[in-house]
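> how would this look folded up:
(one chain, ligands or ions: 4)
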Amino acid sequence: YRAKVDGLGVAVFDPEVDMAGEDHLQRVAELREGIRAGELVLHFQPKISLATGDLEGVEALVRWDRPGIGVVPPYGFLPLATRAGLMGEVTVAVLDAAAAQAARWRAIGIDLPIAVNIPAMTFRNDRLPVLMEGLLSSYGLPGSAIQVEITEEALLKDRDRARTVLTALRAMGVRSAIDDYGTGYSSLVYLQELDVDEVKIDRSFVLPLLQDERSASIVRSTIDLVHALGLRVVAEGIEESRVADALTALGCDAAQGFHWTRPLPAADFESWFGTYRTIATMATMRVADEE
Ligand code: C2E
Ligand code: MG
Ligand code: MG
Ligand code: MG
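Ligands and ions are numbered 1, 2, ... in the order given. Prediction:
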């Protein structure tokens with residue numbers, strides 16, 4: 001076995017990595033070089049408050065922009081990064097890019113928290129709070145500028161460690177969300193004892209909301225349970241306005257989805273946001289006119 005130490009100091013022993021396959025080695029080498037050359041880029045998708053239509057924040061979603069090849073989506077390289085022990089480096093690069101973007105946006109008056117996906121393995125590493133602290137101070141950001149999204153798996157495998165990390169992040173003002181809720185084995189009762197702020201319902205329950213009574217029951221009961229625990233609930237994967245309306249009626253707090261926009265590169269997001277704000281303002285003026 002080969003032991004590797006990635007960017008967060010996580011030692012990875014992976015007997016399944018086929019070190020003999022040249023193809024594999026070549027791909028790993030390219031990915032590692034790509035990460036170091038700054039080829040990982042972030043796209044941003046807004047999170048919309050269902051009650052007001054305002055933007056609450058954005059989620060940062062990583063892509064590998066390979067020169068001469070094009071933009072590779074997460075499923076095209078995150079599994080390889082995971083097997084090769086590179087997820088720590090990916091996470092460091094993503095957090096740094098998110099903090100840099102937050103600082104640039106705040107300088108031009110776009111004050112939206114950026115949520116970053118933290119993989120299970122690096123989440124359980126206690127260097128995450130140290131890394132976060134360093135980034136916030138070097139970019140001059142308050143903790144509220146960055147949020148973390150963690151899957152249930154990451155939180156439940158080692159609950160004591162998860163609690164320590166979440167508490168340290170919270171002390172800096174960094175809010176946290178459980179991602180892809182409903183796909184794991186956890187129960188909300190466990191989540192209650194962890195310091196999280198938000199639960200994101202997986203899009204596999206949200207997409208068929210209007211067609212499938214079972215998904216509708218899951219979404220409805222999740223919203224009620226999350227609220228009973230005093231947390232906020234966000235739905236992923238809203239593709240049509242009728243689904244947004246149904247979620248609003250169920251009391252869901254916020255939502256993301258192609259209905260508003262796909263994840264966009266920073267500059268495209270800025271134009272989208274400018275237009276969205278203008279339309280929202282005009283709609284408010286129209287309502288005022290009618291009154
Ligand atoms: P996720 O964190 O649950 O992110 C939501 C995914 O749903 C994104 O896919 C987003 O583009 C997609 N999505 C958003 N709205 C809709 C919709 O209305 N319909 C449909 N069909 N899909 C929608 P993406 O960007 O391909 O990312 C996939 C997954 O890859 C993410 O799921 C996350 O688990 C992982 N990922 C993405 N970026 C990062 C990262 O920076 N670090 C880590 N560790 N994982 C990441
Ligand atoms: Mg996410
Ligand atoms: Mg998700
Ligand atoms: Mg998901």
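> Which pLDDT value does the model give Arg170?
Note on Arg170: pLDDT of 95.
> number of nearby residues for it?
Around Arg170 there are 16 other residues, counting by other C-beta atoms under 10 Å. For glycine as for every other residue, the C-beta is placed from the backbone atoms N, C-alpha and C.
> Point me to the helix or strand that includes it.
helix 159-171 (DSSP states H and E).
> With only the CA atoms kept, save that helix in PDB.
Extracted in PDB, the C-alpha atoms of helix 159-171 (Å, rounded to 0.1, in the frame of the first residue of the first chain):
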ATOM      1  CA  ARG A 159     -20.000  11.900  15.900                       C
ATOM      2  CA  ASP A 160     -17.600  13.200  18.600                       C
ATOM      3  CA  ARG A 161     -15.200  14.500  16.000                       C
ATOM      4  CA  ALA A 162     -18.000  16.000  14.000                       C
ATOM      5  CA  ARG A 163     -19.300  17.800  17.000                       C
ATOM      6  CA  THR A 164     -15.800  19.200  17.800                       C
ATOM      7  CA  VAL A 165     -15.400  20.400  14.200                       C
ATOM      8  CA  LEU A 166     -18.900  21.900  14.000                       C
ATOM      9  CA  THR A 167     -18.500  23.700  17.300                       C
ATOM     10  CA  ALA A 168     -15.100  25.100  16.300                       C
ATOM     11  CA  LEU A 169     -16.600  26.400  13.000                       C
ATOM     12  CA  ARG A 170     -19.600  27.800  14.700                       C
ATOM     13  CA  ALA A 171     -17.400  29.700  17.100                       C
END
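> continuing past it, what's the next helix or strand?
The helix or strand immediately downstream of helix 159-171 is strand 175-181, counting by DSSP H and E.
> Just the endpoints, please. Distance across stretch 137-154?
This stretch, stretch 137-154, spans 26 Å end to end (C-alpha to C-alpha, to the nearest Å).
> Is any residue of that stretch near ligand 3?
No - using C-beta under 5 Å from the ion, we find that stretch 137-154 stays clear of ligand 3, coming within 6.7 Å at best.
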